[in-house]
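1. Return a 3D structure for these sequence lines:
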Amino acid sequence: MKINWNYIKGFLLITLVLFLFGFTNYRNEQQKIATVKVKFEEGENLFMSYEMVNKLLIQNEGEVTNKTKSLIDLNSLEKQVLSHPMVENATAYITVDGQLRISVKQRTPIGRISTGNDSYYIDKQGEFMPLSENYSARVPIVTGISTPENIDDLYELLSFITNDNFLHKQIVGVQLAGKDEFILATRVGNHKIDFGNLEGKKTKFKNLKAFYSFTMKNKTIENYKQISLKYNNQVVATKKD
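-> Okay, the predicted model is just below:
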């Protein structure tokens with residue numbers, strides 16, 4: 001019987017490749033974690049420190065350095081970091097040279113709610129987040145809210161302000177006045193703006209920006225103490241005494 005050496009060579013080659021793959025994979029799994037590197041994504045708001053993230057990583061798993069790759073549960077590590085109220089997203093992975101890398105995206109606050117007894121942020125997702133000892137965000141201070149009620153309207157208003165470059169710089173305070181109405185505090189002129197409810201908010205803000213553009217141009221902005229946007233398609237400004 002004629003032996004087909006090509007088949008035998010092919011079989012041996014496949015066996016060798018599988019052996020080498022398995023051996024390499026085994027050695028890779030047995031490689032120990034050398035270092036842990038934390039990267040904060042997007043933005044300069046470092047509400048969290050690198051030490052805070054490292055503490056989260058070792059809460060349940062213990063120290064991760066010097067552990068073999070096969071003992072590292074990346075999914076569990078991500079969940080531990082995500083459990084922190086200042087974290088919006090977290091991704092963990094291990095590099096070929098044995099580095100455990102954690103990419104952390106922090107929440108982005110759009111307002112700071114002050115109740116008198118407590119103070120906390122509301123973020124761009126409409127979620128609450130605590131204040132940080134490391135960084136204080138420059139966002140409008142919200143007063144007049146003692147319970148989570150009216151949060152939907154507040155979130156809608158703060159989101160609109162945040163996404164408008166002029167309003168984001170100008171509006172420094174938001175007060176809930178009555179059930180559904182708001183009073184805004186400004187940076188330039190230190191005005192109190194009686195905004196009313198959110199009905200027609202786009203037109204109200206458009207009229208407000210036109211008013212500021214006009215009064216800043218002729219340098220009369222400081223002559224007014226209060227502005228009302230409650231009335232339909234009107235800006236009613238009260239001069240100082």
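
2. Assess the claim that Gln175 and Ile193 are in contact.
-> No. Assessed by Cβ atoms under 8 Å, Gln175 is found out of contact with Ile193, at 10.0 Å. C-beta here means a position set from N, CA and C on the backbone, and glycine is covered the same way.

3. list residues touching both of the two?
-> 183-185 (Cβ atoms under 8 Å, 6 or more residues apart in numbering).

4. Of Gln175 and Ile193, give the one with the bigger neighbour count.
-> Applying other Cβ atoms under 10 Å to Gln175 and Ile193 shows that Ile193 carries more neighbours, namely 25 against 17.

5. Out of the shared contacts of Gln175 and Ile193, which is nearest to Leu167?
-> Each of the shared contacts of Gln175 and Ile193 was scored against Leu167 by Cβ to Cβ, and Leu184 proved nearest at 9.0 Å.

6. Now do the same contact list for the residue nearest to that closest one when sequence neighbours are not counted.
-> The spatial neighbour of Leu184 that comes closest, neighbours along the chain excluded (Cβ to Cβ, 6 or more residues apart in numbering), is Ile193 at 4.1 Å. Applying Cβ under 8 Å, 6+ apart, we find Ile193 in contact with 183-186, 208, 226-229.

7. tell me which element Ile193 falls in.
-> Here Ile193, judged by DSSP states H and E, is contained in strand 192-196.

8. For that strand, what is the distance to the chain centroid?
-> 28 Å (Cα atoms, centre = their mean, to the nearest Å).

9. Reformat the contacts of Ile193 into JSON lines and put pLDDT and secondary structure next to each item.
-> Output for the contacts of Ile193, formatted as JSON lines (pLDDT from 0 to 100; DSSP: H, G, I helix; E, B strand; the rest coil):
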{"residue": "Ile183", "pLDDT": "93", "secondary structure": "strand"}
{"residue": "Leu184", "pLDDT": "94", "secondary structure": "strand"}
{"residue": "Ala185", "pLDDT": "93", "secondary structure": "strand"}
{"residue": "Thr186", "pLDDT": "90", "secondary structure": "strand"}
{"residue": "Leu208", "pLDDT": "91", "secondary structure": "helix"}
{"residue": "Gln226", "pLDDT": "88", "secondary structure": "strand"}
{"residue": "Ile227", "pLDDT": "90", "secondary structure": "strand"}
{"residue": "Ser228", "pLDDT": "91", "secondary structure": "strand"}
{"residue": "Leu229", "pLDDT": "91", "secondary structure": "coil"}
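
10. List buried residues within the residues you listed.
-> Neighbour counting with 16 or more other Cβ atoms under 10 Å marks 183-186, 208, 227-229 as buried within the contacts of Ile193.

11. Now distance to Phe166 too, for these, in a markdown table please.
-> Below are the buried ones among the contacts of Ile193 laid out as a markdown table (distance: Cβ to Cβ, whole Å):
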| residue | distance to Phe166 |
| --- | --- |
| Ile183 | 19 |
| Leu184 | 13 |
| Ala185 | 15 |
| Thr186 | 11 |
| Leu208 | 9 |
| Ile227 | 15 |
| Ser228 | 19 |
| Leu229 | 15 |
